[in-house]
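Asker: here you go, sequence then predicted model.
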Amino acid sequence: METKEFNKTNNKLSVIGVGTWELSSDREENVKAIKYAVDNGVNFIDTAEMYNTEDVVGEAIKGYERERLFIASKVWPTHFRYGDVIKACEASLKKIGTDYLDLYQLHWPNKSVPIKETMRAMEKLVEEGKIKSVGISNFSLEEMKEAQAAMSKYEIASNQVEYSIITRDIEKTGVFDYCKENRIAVIAYSPLSHGKIFNNSELLADIGKISDKYGKTPAQVALSWLLHRENTFPIPKASNIKHMKENIEAADIKLGKEDLAFLSELEGKYYAEPIAKQHKKNEDKVNNYNFKEEKIN
């Protein structure tokens, strides 16, 4: 598995990571899939307290040399108060069964808690050795700048955002360019746009023109397009070994310039609105922009 530098850290990460949001109900298969990924060169695994998969990740990485792995998790915005950030991190460490996280991320912005308070807790966790790097997720350009300005000793290492062939808002809003210019890694979740790539027969046929040429699947070509984007680490999920194998093999595709250009133009025909925008429009559905405080027992 090819690796590349995760920007401001000293880590070399596999170009494809493992996402663990909405895994299947078959815990044993999920664990096997993650183990298969690690056995085949993947060292980047992403989870979150909200996913309820931290213990699955913990089970999957047992027996592996911890220093070989890059484990990332996230704190949910209801826990952005100073003390709650500390407690949430400690709870995640316990569930995963590790002494430290390589990356700890703020899962969504939370306007009801001062970002300085949250970042003070994140920097405390770095100082204590419980986390190696600080990341954010679903932060806009201005929110990214505010988050970085709120830190006194460290820098933001990454922003985890939705990014795919047909969901490319981060390019239009300046997030992608800002990350590139400031050496902030882009972690691309939902790289297949929540399955929308497979639900549109015309889009699937267009991608198929390229996938047939390379003898690969449309999903693999869609992942490969992201791998050709600078500074980007896609984290597709896979609940079984078959799908994990398919994801990993996408790293072997070297798309030509004309094929990359063709794929890049598909967003203009098949744009899919990112989930962050949907949540902001419908706050009652997920309530991501009006978080209520929730204490950790």
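Answerer: Sure, I can see it.

Asker: quick one: Trp108 is in a strand?
Answerer: No - using DSSP: H, G, I helix; E, B strand; the rest coil, the assignment for Trp108 is coil, not a strand.

Asker: how much space separates it from Ala188?
Answerer: Trp108 sits 17 Å away from Ala188 when distances are taken as CB to CB, to the nearest Å. C-beta coordinates here come from the backbone N, C-alpha and C atoms, glycine included.

Asker: same question for Tyr154.
Answerer: For Tyr154, the distance to Ala188 equals 23 Å [CB to CB].

Asker: which of the two has more neighbours?
Answerer: Residue environment comparison for Tyr154 versus Ala188 gives the larger neighbour count to Ala188, 24 against 16, counting by other CB atoms under 10 Å.

Asker: how near is Lys209 to Glu258?
Answerer: Counting by CB to CB, the gap from Lys209 to Glu258 is 11 Å.

Asker: those two: who's more crowded?
Answerer: Legend: neighbour count by other CB under 10 Å for Lys209 and Glu258, higher for Lys209 (13 against 9).

Asker: checking that one next. Helix, strand or coil?
Answerer: Using three-state DSSP as the criterion, the local structure at Lys209 reads helix.

Asker: gap between the two ends of stretch 89-106?
Answerer: End-to-end span of stretch 89-106 (CA to CA, to the nearest Å): 11 Å.

Asker: for the stretch 101-250 of the chain, just list every one of the helices.
Answerer: 115-127, 141-149, 169-172, 175-181, 196-199, 201-214, 218-227, 241-249 (DSSP state H, counting those that start in this stretch).

Asker: number of residues surrounding Glu142?
Answerer: Using other CB under 10 Å, Glu142 is surrounded by 12 other residues.

Asker: sorry, that was for Lys62
Answerer: One way to gauge burial is a neighbour count; for Lys62, by other CB under 10 Å, it gives 9.

Asker: where does it sit: helix, strand or coil?
Answerer: Assigned state for Lys62: coil (three-state reduction, three-state DSSP).

Asker: next up, phi/psi of it, please.
Answerer: Taking degrees, to the nearest 10, you get phi -60, psi 130 for the backbone angles of Lys62.

Asker: and what of Asp259?
Answerer: For Asp259, the backbone dihedrals (degrees, to the nearest 10) come out as phi -70, psi -40.

Asker: how long is stretch 243-255 from one end to the other?
Answerer: One end of stretch 243-255 sits 21 Å from the other (CA to CA).

Asker: and that stretch, what's buried?
Answerer: Going by neighbour count (16 or more other CB atoms under 10 Å), the buried part of stretch 243-255 is His243, Met244, Glu246, Asn247, Ile248, Glu249, Ala250, Ala251, Ile253, Leu255.

Asker: one more: stretch 91-105?
Answerer: With burial defined by 16+ other CB under 10 Å, the residues of stretch 91-105 counted as buried are Ala91, Ser92, Leu93, Lys95, Ile96, Thr98, Tyr100, Leu101, Asp102, Leu103, Tyr104, Gln105.

Asker: kindly report the same for stretch 28-45.
Answerer: Along stretch 28-45, these residues count as buried under the neighbour rule (16+ other CB under 10 Å): 29-38, 42-45.

Asker: can you list contacts of that stretch?
Answerer: Taking contacts as CB atoms under 8 Å, 6 or more residues apart in numbering, the residues outside stretch 28-45 that touch it are 1, 3, 13-14, 16-18, 20, 23-24, 53, 56-57, 59-61, 64, 68-72, 233, 235, 238-241, 243-245, 247-248.

Asker: now, those that are in strands?
Answerer: Secondary structure from DSSP state E places Thr3, Leu13, Ser14, Val18, Phe70, Ile71, Ala72, Phe233 of the contacts of stretch 28-45 in strands.

Asker: residue contacts, the first one?
Answerer: Thr3 is in contact with Lys12, Leu13, Ser14, Val15, Asn43, counting by CB under 8 Å, 6+ apart.

Asker: stretch 34-48: end-to-end distance?
Answerer: Rule used - CA to CA; the end-to-end distance of stretch 34-48 is 15 Å.

Asker: that one: how far from the chain's middle?
Answerer: Centre-to-centre, stretch 34-48 and its host chain are 13 Å apart (CA atoms, centre = their mean, to the nearest Å).

Asker: now it: mean pLDDT?
Answerer: Summarised as a single mean, pLDDT over stretch 34-48 is 97.

Asker: stretch 2-11 too?
Answerer: With pLDDT averaged residue by residue, stretch 2-11 scores 85.

Asker: oh, and call the first residue 51 from now on, that's how I've got it
Answerer: Right, with 51 as the first residue, what we last looked at is stretch 52-61.

Asker: go through stretch 201-216 and flag the buried ones.
Answerer: Those buried within stretch 201-216 under the rule 16+ other CB under 10 Å are 201, 204, 206-216.
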